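K.L.:
predicted model follows, preceded by the sequence.
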Amino acid sequence: MTLYRKYALDVFIALMFALIVAACVVTEVGCAAQNPPPLQPKTPLQWIAVYNAALAKANRAFEGGVEALAAGGTISNAQARPALLVSQQVATASQAIAKALENATEANFAASIAPQVAAILQQLGANTLLEKQGITAPQLQQLYAAITAVTVLIEQEVKP
Amino acid sequence: MSSGTTQPPTGTASLVIAIITAALQLAPLALSTIAGIKELLSRDPSVPEQLKTILADTEADNAATLAAVQAWLAAHPT
């Protein structure tokens, strides 16, 4: 039980850390708005690569969080299962996006890569719909919101 | 954020953490939030240089996630 409590404590500390870092990010964005730096052009391909990296890391944290919460008894295995199935599908989709980007160039992005990424995300949405409805624990809903938000960022880059 | 032309991997990692934490706090995302995240990324010159590293890290993260999920499902059959 002591080990389980340690897991739960680790998750709590991780969430607190995330909130503190988020506050720092908001502060930095506020300062940047007052003193806007010269922007370096970035392409949608580069945005998607970074967002997809964030998606993979958020999903990795989500999966670890689910396991820790289940191990600590905060959620049941029955609650953990649909969340982990969603995590599995997100990882599969993110992997497919990364593979598509390996073959991407700025020249073939709009015609070839963007439609591929859009189709992957659309499929992900369809696949995860049922499992997502099974995510009832508030802790998991908050973590899942981060994944959804990063997915939205990628979608914006592949819209025609 | 980062500066200079050569960035250690931790620079990109911090960007990724910034995106995740901003997304955590602000969902659904407002347009101003997205603009803020983009601005942070625009100030980091390491992204184009590290594209292959970013993709490799992404694939490693996903592989680890998939392996962990498979292991958990195998250990907790319905």
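P.N.:
Sure, I can see it. Numbers count the residues shown, from 1 in each chain, chains lettered A, B, ... in the order given.

K.L.:
is any residue of the strand or helix carrying B:D61 near chain A?
P.N.:
Assigned by DSSP states H and E, B:D61 falls within helix B:51-75. Yes. Helix B:51-75 reaches chain A (CB under 8 Å from any CB of the partner chain) through B:51, B:54-55, B:57-59, B:61-66, B:68-70, B:72-73. All C-beta atoms are positioned from the backbone trio N, CA, C, and that covers glycine.

K.L.:
are any of the residues you listed buried, and if so which?
P.N.:
The neighbour count (16 or more other CB atoms under 10 Å in any protein chain shown) marks B:51, B:54-55, B:57-59, B:61-62, B:65-66, B:68-69, B:72 as buried among the residues of helix B:51-75 next to chain A.

K.L.:
what's the farthest-apart pair in those residues?
P.N.:
B:L51 and B:W72 (32.0 Å; CB to CB).

K.L.:
where in the chain is pLDDT low?
P.N.:
Using chain A. A:1-41, A:130, A:139, A:142-143, A:146 (pLDDT under 70).

K.L.:
please refer instead to chain B.
P.N.:
In chain B (pLDDT under 70), the answer is B:1-49.

K.L.:
chain A: helices as residue ranges?
P.N.:
Under the criterion DSSP state H, helices of chain A are mapped to A:2-34, A:44-71, A:77-102, A:114-133, A:138-158.

K.L.:
buried residues in the third one?
P.N.:
Counting neighbours by 16+ other CB under 10 Å, one finds that the buried residues in helix A:77-102 are A:79-98, A:100-101.

K.L.:
what subset of these is also close to chain B?
P.N.:
A:80-81, A:84-85, A:87-88, A:90-92, A:94-95, A:98, A:101.

K.L.:
could you dump those residues to TSV with distance to A:K57?
P.N.:
As requested, these are exported to TSV (distance: CB to CB, whole Å):
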residue	distance to A:K57
A:A80	20
A:R81	23
A:L84	17
A:L85	19
A:S87	12
A:Q88	16
A:V90	11
A:A91	11
A:T92	16
A:S94	10
A:Q95	13
A:A98	12
A:L101	16
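
K.L.:
tell me the one of those residues nearest B:P77?
P.N.:
A:R81 (10.1 Å).

K.L.:
can you pull the contacts of the closest one?
P.N.:
Applying CB atoms under 8 Å, 6 or more residues apart in numbering or on different chains to A:R81 gives the contacts A:134, B:73, B:76, B:78.

K.L.:
same check on A:I48?
P.N.:
A:I48 sits in contact with A:97, A:101, A:117, A:154, A:157-158, where contact means CB under 8 Å, 6+ apart.

K.L.:
rerun at 6 Å
P.N.:
If you count contacts by CB atoms under 6 Å, 6 or more residues apart in numbering or on different chains, A:I48 has them with A:154, A:157.

K.L.:
distance of it from chain B?
P.N.:
10 Å (CB to the nearest CB, to the nearest Å).

K.L.:
kindly reformat the contacts of A:R81 as CSV containing distance to A:S112.
P.N.:
Listed next are the contacts of A:R81 as CSV, based on distance: CB to CB, whole Å:
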residue, distance to A:S112
A:G134, 35
B:L73, 35
B:H76, 40
B:T78, 40
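
K.L.:
quick one, which of those are buried?
P.N.:
Buried among the contacts of A:R81 (16+ other CB under 10 Å): none of them.

K.L.:
any bit of stretch A:122-133 sitting next to chain B?
P.N.:
No. Stretch A:122-133 lies out of reach of chain B by CB under 6 Å from any CB of the partner chain, never closer than 11.9 Å.

K.L.:
extract the C-alpha set from that stretch and format it as CSV.
P.N.:
What follows is stretch A:122-133, C-alpha atoms only, in CSV (Å, rounded to 0.1, in the frame of the first residue of the first chain):
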residue,chain,number,x,y,z
GLN,A,122,-10.1,11.8,-38.5
GLN,A,123,-9.7,8.0,-38.0
LEU,A,124,-8.4,8.6,-34.5
GLY,A,125,-11.5,10.6,-33.6
ALA,A,126,-13.7,7.8,-34.9
ASN,A,127,-11.8,5.1,-33.2
THR,A,128,-11.5,6.8,-29.8
LEU,A,129,-15.1,7.9,-29.5
LEU,A,130,-16.5,4.9,-27.7
GLU,A,131,-13.5,4.4,-25.5
LYS,A,132,-13.4,8.1,-24.6
GLN,A,133,-17.0,7.9,-23.3
